[in-house]
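>>> have a look at this fold, sequence not included:
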Ligand SMILES: Cc1cc2nc3c(=O)[nH]c(=O)nc-3n(C[C@H](O)[C@H](O)[C@H](O)COP(=O)(O)O)c2cc1C
């Protein structure tokens, strides 16, 4: 059975939920999947995997610094096997910014790293106003107001199109060569 390693970088946990859905889809297709925090990912994990996927969420315009740092540190190991990257952000809720070729955060991120992931995806994330601190809530409401999104401070909105997540899950399930 081929081994797929999915490493995630998250702040509020939505990227983990996406990874768990990817795991379920790939596992149903006979791929053995390990999901773990990027921060805990080691050179040994990469060496053992037949294929690697990294997923990371955006906060204030950027993925966490750990993402670029991990990729720079392990670039050769990433390039040595089938690989993919996906980004989670709420700009991706917008038609026209919901594909890798047009999502501004993903495009900017890729320009700043040397790794060229073989597969890419972008998924719309979640807004959970009640769980945010006052400053973050105000900032996100402002961004949403400017981009014609929901601003009700009691709202919890999941923008994720799970059928797209599942399609990517099927895609990455076949990344690793069959054992
Ligand atoms: C404080 C904060 C800042 C955010 N900044 C952005 C942003 O600049 N652009 C964007 O598209 N989404 C932004 N988001 C939305 C997140 O990308 C979205 O909530 C995502 O689902 C978070 O994933 P996570 O739970 O895995 O961290 C922000 C969310 C929060 C809470």
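That came through, no problem. No experiment lies behind these values; they were computed from the predicted model shown. Residues are numbered from 1 along each chain as shown.
>>> surely residue 169 meets residue 21?
Yes: between residue 169 and residue 21 there is a contact under CB atoms under 8 Å: 6.5 Å. To be clear about C-beta, it is placed using only N, CA and C from the backbone, and glycine gets the same treatment.
>>> which one of those two has more residues nearby?
Shown here are residue 169 and residue 21; by other CB atoms under 10 Å, residue 169 has more neighbours (27 against 17).
>>> can you confirm that one is in a helix?
Yes: assessed with DSSP: H, G, I helix; E, B strand; the rest coil, residue 169 lies in a helix.
>>> run through the residues that contact it.
21-26 (CB atoms under 8 Å, 6 or more residues apart in numbering).
>>> okay, and residue 121 sits in which element?
strand 119-124 (DSSP states H and E).
>>> for the next helix or strand after that strand, packing partners?
Where DSSP H and E defines the elements, the next helix or strand beyond strand 119-124 is strand 126-128. Judged by 3 or more CB pairs under 8 Å, 6 or more residues apart in numbering; DSSP states H and E, strand 126-128 is in contact with strand 156-158.
>>> and the strand it packs on, does that touch the ligand?
No: figure legend: strand 156-158 not in contact with the ligand (CB under 6 Å from any ligand atom); closest approach 8.4 Å.
>>> can you tell me the residue of this structure closest to the ligand?
Taking CB to the nearest ligand atom as the measure, the chain has residue 125 as its residue closest to the ligand, at 2.2 Å.
>>> please, which helix or strand holds residue 35?
strand 32-37.
>>> so does that strand get close to the ligand?
No: with CB under 6 Å from any ligand atom as the criterion, the ligand is not reached by strand 32-37; the gap is at least 11.1 Å.
>>> that strand pairs with which strands?
Strand 32-37 has its sheet partners listed here by DSSP bridges as strand 3-9 (parallel).
>>> buried stuff in the strand or helix carrying residue 110?
According to DSSP H and E, residue 110 maps onto helix 104-111. By neighbour count with 16 or more other CB atoms under 10 Å, helix 104-111 contains the buried residues 105-106, 109-110.
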